[in-house]
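A.B. asks: just the structure for this:
(one chain, ligands or ions: 2)
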Amino acid sequence: MPQRKIIHVDCDSFYASVEMRDDPSLRDVPLAVGGDGGRGVVATCNYRARAFGVRSAMPGSEARRLCPGLVMVPPDMARYRAVSQQVMAILRELTDLVEPLSLDEAFLDVSEVTDHRGSATLMARYLRERVRQEVGITVSAGVAPNKFLAKIASDWEKPDGLFVIRPGDVDAFVRSLKVEKLFGVGKVTASKLHEMGVETCGDMQAVGPEVLTDRFGKQGYRLHEMAYGRDERPVVVSRIAKSVSVERTFSQDLPDRLACESVMASLVDDLNRRLARKTRAKPIHKLFVKVRYSDFSTHTLERVRDQVKEPEADDYLPLFRELVGQKDRPVRLLGLGVRFRNDDAPVTQLRLFD
Ligand code: TTP
Ligand code: MG
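C.D. replies: Numbers count the residues shown, from 1 in each chain. Ligands and ions are numbered 1, 2, ... in the order given. Purely as a prediction, here's the structure:
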């Protein structure tokens, strides 16, 4: 298998971060999000509450005992889903190979991405910054040659951290890695391993695959593989893209329509690069443009354009002109994209967020 570059992204104290973003009075207090305004269990809590020992799945009563000043708010799943979609959309602008694991985390396979000089570290930095600026929450990221290590890496510098495990660092990294960090190793497996004198992956390497499979069956072989930092599971894209788009937020607003039209060609280039990376592209059905003005009002327009194979700036200019009309207003963001035809039988589509 060729060397891969995998990024794992995980939002920090996700539900709590959304609540803190939307209500400044919650920003400087220990906060838990939980069922029934406090009588249920803690879904998550901010890092200030974690310092008191509050944790996910803890009964609200226990959380309050540990942390007397704890503020508890009920969850608002609709809002978390919307934020999640915003985050995932930013990830998908970088690559289509995005595998969400839950509302707040995803794997990306960026092996083929050439933006950011092809550096997964720069890509992860960029994604973290964009989510911070555009969504208003922090995410931690891990970069590694496979999913298993990328997930450990994203947790390493949490919250608001980035940790990179380069291929050459893998051996040294895993040798000192505690077995508790391994996927599937809970309290029971960990204590069995400890009884065998195994604390780290280095210890586990010394034990060898035979003993591990004798003791743990199939899981034993997985443990052996993980002890060497090996994991060949691919990033699985479980949804067929309905559209592909690119957008750019300008560090300084574009003053007028002419300025917008002059960046169109480079946006179309970006779009075509993204389209070229699509492995399961269907025929294009519609083109659309999006404009956000300096007052944050956002407008989009789409038109059926079945004949387009590889869009050009000239395909988008008429839409752009129709959308903005005759007036010049400062533009903050410009986006464009394509929607694919959706006429063949619906592929069994995983509803990720239900
Ligand atoms: P996590 O990513 O496990 O936790 P987190 O994002 O709150 O904190 P961090 O990643 O910084 O450690 O889970 C994501 C969301 O899933 C979390 O915000 C709330 C929800 N969740 C529950 O509802 N119950 C749980 O037991 C857990 C672990 C999470
Ligand atoms: Mg999280």
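A.B. asks: so what's the residue count around the residue of the stretch 51-200 of the chain found nearest ligand 1?
C.D. replies: Nearest residue of the stretch 51-200 of the chain to ligand 1 (Cβ to the nearest ligand atom) works out as Ser56 at 3.7 Å. (Glycine included, C-beta is placed from N, CA and C.) Using other Cβ atoms under 10 Å, Ser56 has 15 neighbouring residues.
A.B. asks: got it, and Lys290?
C.D. replies: Neighbour tally, Lys290, other Cβ under 10 Å: 19.
A.B. asks: just the buried residues of the helix or strand encompassing it, please?
C.D. replies: Secondary structure assigned from DSSP states H and E places Lys290 in strand 284-293. Of the residues in strand 284-293, Ile284, His285, Lys286, Leu287, Phe288, Val289, Lys290, Val291, Arg292 count as buried by neighbour count, 16 or more other Cβ atoms under 10 Å.
A.B. asks: helix, strand, or coil at the nearest residue to the last one once chain neighbours are set aside?
C.D. replies: So the one you mean is Arg292. Spatial nearest neighbour of Arg292, excluding adjacent residues (Cβ to Cβ, 6 or more residues apart in numbering): Leu333 at 3.8 Å. Here Leu333 is strand, with the state taken from DSSP: H, G, I helix; E, B strand; the rest coil.
A.B. asks: OK, now which residue of the stretch 151-300 of the chain is nearest to ligand 2?
C.D. replies: Lys158 (8.0 Å; Cβ to the ion).
A.B. asks: does that residue belong to a helix, a strand or coil?
C.D. replies: At Lys158, secondary structure determined by three-state DSSP is coil.
A.B. asks: now Ala106
C.D. replies: Per three-state DSSP, Ala106 ends up strand.
A.B. asks: is it true that it touches Pro100?
C.D. replies: Yes: the pair Ala106 / Pro100 is scored as a contact, 4.4 Å apart, by Cβ atoms under 8 Å.
A.B. asks: identify the contacts common to these two.
C.D. replies: Met88 (Cβ atoms under 8 Å, 6 or more residues apart in numbering).
A.B. asks: the residue of the stretch 51-200 of the chain closest to ligand 1 and Arg50 touch, don't they?
C.D. replies: No: with contacts counted by Cβ under 8 Å, Ser56 stays clear of Arg50, the gap being 9.7 Å.
A.B. asks: tell me which stretches of the stretch 151-300 of the chain form strands.
C.D. replies: For the stretch 151-300 of the chain, the strands defined by DSSP state E, counting those that start in this stretch occupy 162-164, 243-254, 284-293, 298-304.
A.B. asks: so which of those comes closest to Arg92?
C.D. replies: strand 243-254 (8.4 Å; Cβ to Cβ).
A.B. asks: what residues sit buried inside that closest one?
C.D. replies: Counting neighbours by 16+ other Cβ under 10 Å, the buried set in strand 243-254 is Val244, Ser245, Val246, Glu247, Arg248, Phe250, Asp253, Leu254.
A.B. asks: same question, stretch 54-71
C.D. replies: Val54, Met58, Gly60, Ala63, Arg64, Cys67, Leu70, Val71.
A.B. asks: turn those into a markdown table, columns for pLDDT.
C.D. replies: Formatted as a markdown table, the buried residues of stretch 54-71 follow (pLDDT from 0 to 100):
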| residue | pLDDT |
| --- | --- |
| Val54 | 97 |
| Met58 | 95 |
| Gly60 | 93 |
| Ala63 | 95 |
| Arg64 | 94 |
| Cys67 | 96 |
| Leu70 | 96 |
| Val71 | 96 |
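A.B. asks: tell me which of those is nearest to ligand 2?
C.D. replies: Ligand 2 lies nearest to Val54 out of the buried residues of stretch 54-71, by Cβ to the ion, at 15.2 Å.
A.B. asks: so who does the closest one touch?
C.D. replies: Contact partners of Val54, counting by Cβ under 8 Å, 6+ apart, are Pro30, Ala32, Val42, Cys45, Ala63, Leu66, Cys67, Leu70.
A.B. asks: which phi and psi does it have?
C.D. replies: phi -70, psi 140 (degrees, to the nearest 10).
A.B. asks: quick check: the gap between it and Arg4.
C.D. replies: 37 Å (Cβ to Cβ, to the nearest Å).
A.B. asks: please apply the same query to Leu223.
C.D. replies: 22 Å.
A.B. asks: so which of these two has more stuff around it?
C.D. replies: For Leu223 versus Arg4, neighbours defined as other Cβ under 10 Å are more numerous around Leu223 (24 against 20).
A.B. asks: confidence-wise, which helix or strand of this protein is lowest on average?
C.D. replies: Here the helix or strand of the chain ranked lowest by mean pLDDT, DSSP states H and E is strand 243-254, holding a mean of 89.
A.B. asks: what strand or helix carries Ala57?
C.D. replies: Using DSSP H and E, Ala57 falls outside every helix and strand.
A.B. asks: neighbours of the residue lying closest to it once chain neighbours are set aside, how many?
C.D. replies: In space, Ala57 comes closest to Val41 once its chain neighbours are excluded; the distance is 5.7 Å by Cβ to Cβ, 6+ apart. Number of residues near Val41 (other Cβ under 10 Å) recorded here: 16.
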